[in-house]
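Visitor: No sequence on hand, only this structure:
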């Protein structure tokens with residue numbers, strides 16, 4: 001017994017202190033000395049400094065320390081340098097997604113003239129992209145759940161990049177129809193970037209950060225129009241398709257920095273990798289890791305599609321589906337309609353009696369001019385105030401009232417498009433009659449898109 005006590009006296013009692021903490025606690029200050037009684041042995045505390053982000057060494061870990069989950073670690077680490085980098089990288093993927101969608105309104109009239117396509121083929125060329133998105137979104141979600149958020153995102157980005165560039169070499173309509181459909185299939189997986197992004201955000205910053213990521217969508221639409229201004233007149237639509245895929249290429253290269261979701265690693269049994277990811281975030285943010293053991297949060301049984309139609313969820317499901325249908329129908333419909341409005345000229349002034357003239361006018365083919373691109377740029381720029389105003393107003397009115405207000409304003413602006421005035425008048429009165437209406441509509445719809453999910 002005495003030998004054991006002698007050995008115990010030789011062991012220092014370690015008190016861990018984070019860098020920057022006071023070297024003396026309140027009790028130390030009061031007593032001037034702090035010792036610990038261990039089975040009759042008085043031992044002084046030996047302070048050991050720990051760098052920020054460093055965990056307590058395993059040999060000194062207290063088995064009674066509290067456990068923590070990934071969500072607790074993210075909250076404890078907070079928002080810092082890592083999240084800023086992740087915001088830019090996620091925004092780059094969102095920007096590339098916006099460019100691939102915005103190009104539809106530029107590509108359609110160009111191919112309509114160059115390949116002499118009838119209206120239904122032009123419409124099918126844009127519709128097939130949305131069909132690809134609709135058919136793949138669930139598949140990409142399942143891939144991300146099974147193989148990881150990062151894996152699913154990388155595959156979808158590389159898929160979109162490959163077929164986006166390949167579509168620039170399409171020799172005929174059938175080829176570009178199939179290839180753009182495959183591009184849409186890949187675009188359906190890009191929103192996984194926001195899912196991965198949200199899992200690294202503390203709860204307090206999550207809503208605003210996801211809303212602000214929509215700024216990159218607006219940047220993507222504006223950048224696509226600016227790119228078209230310089231590329232289309234000299235190089236043509238094939239080069240526009242190639243250059244529009246550059247943000248996807250940049251994102252694919254930078255994916256090596258992107259970590260896998262720590263939550264996914266824990267759920268898949270790879271706790272060491274999850275801890276390494278959390279330590280990396282803590283180090284970059286200069287914040288301490290929570291003490292204790294990382295555990296898996298209690299998981300409920302996975303739901304099924306039919307659960308959405310149980311009496312408890314049925315009404316909410318139908319309402320959300322209708323809201324998202326209305327939002328997508330209005331936003332993308334307006335994006336595609338804008339260039340049609342540019343090409344309409346004085347068609348509104350044609351009376352119903354002049355059906356022959358109207359038919360001739362509807363079959364006319366006009367390339368987008370530099371003036372058209374400038375007007376398109378004007379309308380896409382309106383998305384920026386839409387996001388910023390939503391950020392300001394959502395805390396005051398709430399999500400439901402903000403959404404309702406945006407739909408009301410959009411409906412009012414849509415009525416202004418029924419004012420039939422010519423665009424080609426010398427004073428350009430026609431343009432200023434409907435251009436603000438389109439701008440206000442995009443302003444409102446970007447607000448609806450940016451509402452936190």
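Guide: Okay, I see it. Given the structure is predicted, the values throughout are model-derived calculations rather than measurements.
Visitor: Which element, helix or strand, includes the residue nearest in space to the middle of the chain?
Guide: By C-alpha atoms, centre = their mean, the chain has its centre lying nearest to residue 194, at 4.0 Å. Taking DSSP states H and E as the criterion, residue 194 maps to helix 192-198.
Visitor: Give the next helix or strand downstream of that helix.
Guide: Where DSSP H and E defines the elements, the next helix or strand beyond helix 192-198 is helix 203-212.
Visitor: Return the list of helices and strands in contact with that next one.
Guide: helix 81-114, helix 192-198, helix 383-397 (3 or more C-beta pairs under 8 Å, 6 or more residues apart in numbering; DSSP states H and E). In this view, the C-beta of every residue, glycine as well, is placed from N, C-alpha and C.
Visitor: and the angle from the helix or strand just after the first one to helix 81-114?
Guide: Using DSSP H and E, the helix or strand that follows helix 81-114 in sequence is helix 119-147. With axes from the mean of the first three to the mean of the last three C-alpha atoms, to 10 degrees as the basis, helix 119-147 and helix 81-114 are set at 160 degrees to each other.
Visitor: Return the distance of helix 119-147 from the chain's centre.
Guide: 17 Å (C-alpha atoms, centre = their mean, to the nearest Å).
Visitor: residues near residue 183, how many?
Guide: Residue 183: 28 surrounding residues under other C-beta atoms under 10 Å.
Visitor: do the same with the one 5 residues further on
Guide: Here the count is done by other C-beta under 10 Å, and residue 188 has 24 residues near it.
Visitor: show me what contacts it?
Guide: Residue 188 makes contact with 132-137, 139-140, 156 under the criterion C-beta atoms under 8 Å, 6 or more residues apart in numbering.
Visitor: Go again with 6 Å.
Guide: Counting by C-beta atoms under 6 Å, 6 or more residues apart in numbering, residue 188 makes contact with 133, 136-137, 140.
Visitor: that older thread, minimum distance to residue 214: which of the helices and strands packed on helix 203-212 has it?
Guide: helix 383-397 (5.0 Å; C-beta to C-beta).
Visitor: so how far is the closest one from its chain's centroid?
Guide: 17 Å.
Visitor: What helices and strands are in contact with it?
Guide: The helices and strands touching helix 383-397, judged by 3 or more C-beta pairs under 6 Å, 6 or more residues apart in numbering; DSSP states H and E, are helix 214-231, helix 429-450.
Visitor: Can you check what angle separates that helix from helix 203-212?
Guide: Going by the same axes, to 10 degrees, helix 383-397 makes 140 degrees with helix 203-212.
Visitor: Could you point out the helix or strand that follows helix 383-397?
Guide: With DSSP H and E, the next secondary element past helix 383-397 is helix 399-416.
Visitor: did I read that right, residue 338 in a helix?
Guide: Yes. Applying DSSP: H, G, I helix; E, B strand; the rest coil, one finds residue 338 inside a helix.
Visitor: Quick check: the gap between it and residue 98.
Guide: 15 Å (C-beta to C-beta, to the nearest Å).
Visitor: More neighbours: which of the two?
Guide: The neighbour count for residue 338 versus residue 98, taken as other C-beta under 10 Å, is higher for residue 98 (24 against 21).
Visitor: about what we covered before: let me see the contact set for the residue nearest to the centre of the chain.
Guide: Per C-beta under 6 Å, 6+ apart, neighbours of residue 194: none.
Visitor: if we go to 8 Å?
Guide: Neighbours of residue 194 in contact, by C-beta under 8 Å, 6+ apart: 90, 94, 210, 213.
Visitor: Now do the same contact list for the closest residue in space to residue 232 that isn't next to it in sequence.
Guide: Nearest residue to residue 232, sequence neighbours excluded (C-beta to C-beta, 6 or more residues apart in numbering): residue 240, at 6.1 Å. Contacts for residue 240 (C-beta under 8 Å, 6+ apart) come out as 103, 106-107, 227-228, 231-232.
Visitor: Just the closest of these to residue 294, please.
Guide: residue 103 (44.1 Å).
Visitor: rewinding a little: what's the pLDDT at the residue nearest to residue 232?
Guide: Per-residue pLDDT puts residue 240 at 94.
Visitor: need the helices and strands packed on helix 203-212 in CSV with mean pLDDT and distance to residue 128, can you?
Guide: Shown next, in CSV, are the helices and strands packed on helix 203-212 (pLDDT from 0 to 100; distance: least, C-beta to C-beta, whole Å):
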stretch, mean pLDDT, distance to residue 128
helix 81-114, 89, 10
helix 192-198, 88, 22
helix 383-397, 81, 25
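Visitor: Quick one: closest of these to residue 121.
Guide: Here helix 81-114 is closest among the helices and strands packed on helix 203-212 (C-beta to C-beta), at 8.4 Å.
Visitor: Tell me the gap between that closest one and the middle of its chain.
Guide: 11 Å.
Visitor: got it, and stretch 370-381?
Guide: 25 Å.
Visitor: what do you get for stretch 249-265?
Guide: 14 Å.
Visitor: Show me what counts as buried in it.
Guide: Buried residues in stretch 249-265, counted by 16 or more other C-beta atoms under 10 Å: 251-252, 258-265.
Visitor: can you pull the pLDDT of the closest residue to residue 239 other than its chain neighbours?
Guide: With sequence-adjacent residues excluded and distances taken as C-beta to C-beta, 6+ apart, residue 239 is closest to residue 231, at 5.4 Å. Note on residue 231: pLDDT of 91.
Visitor: Looks like residue 231 contacts residue 238 (just checking).
Guide: No. Residue 231 lies out of contact with residue 238 (C-beta atoms under 8 Å); the separation is 9.6 Å.
Visitor: So which of those two has more stuff around it?
Guide: Shown here are residue 231 and residue 238; by other C-beta under 10 Å, residue 231 has more neighbours (19 against 13).
Visitor: The more buried one: what's it in contact with?
Guide: Counting by C-beta under 8 Å, 6+ apart, residue 231 has contacts 239-240, 243.
Visitor: related to what we said a few turns ago, of the contacts of residue 188, closest to residue 320?
Guide: Of the contacts of residue 188, the one sitting nearest to residue 320 (C-beta to C-beta) turns out to be residue 137, at 14.7 Å.
Visitor: how close does that closest one get to residue 272?
Guide: 32 Å.
Visitor: Which one of these two is surrounded by more residues?
Guide: Neighbour totals were compared for residue 137 and residue 272, and residue 137 leads with 16 against 10 (other C-beta under 10 Å).
Visitor: so what pLDDT did that one get?
Guide: For residue 137, pLDDT reads 85.
Visitor: Report the separation between it and residue 130.
Guide: Taking C-beta to C-beta, one finds residue 137 at 11 Å from residue 130.
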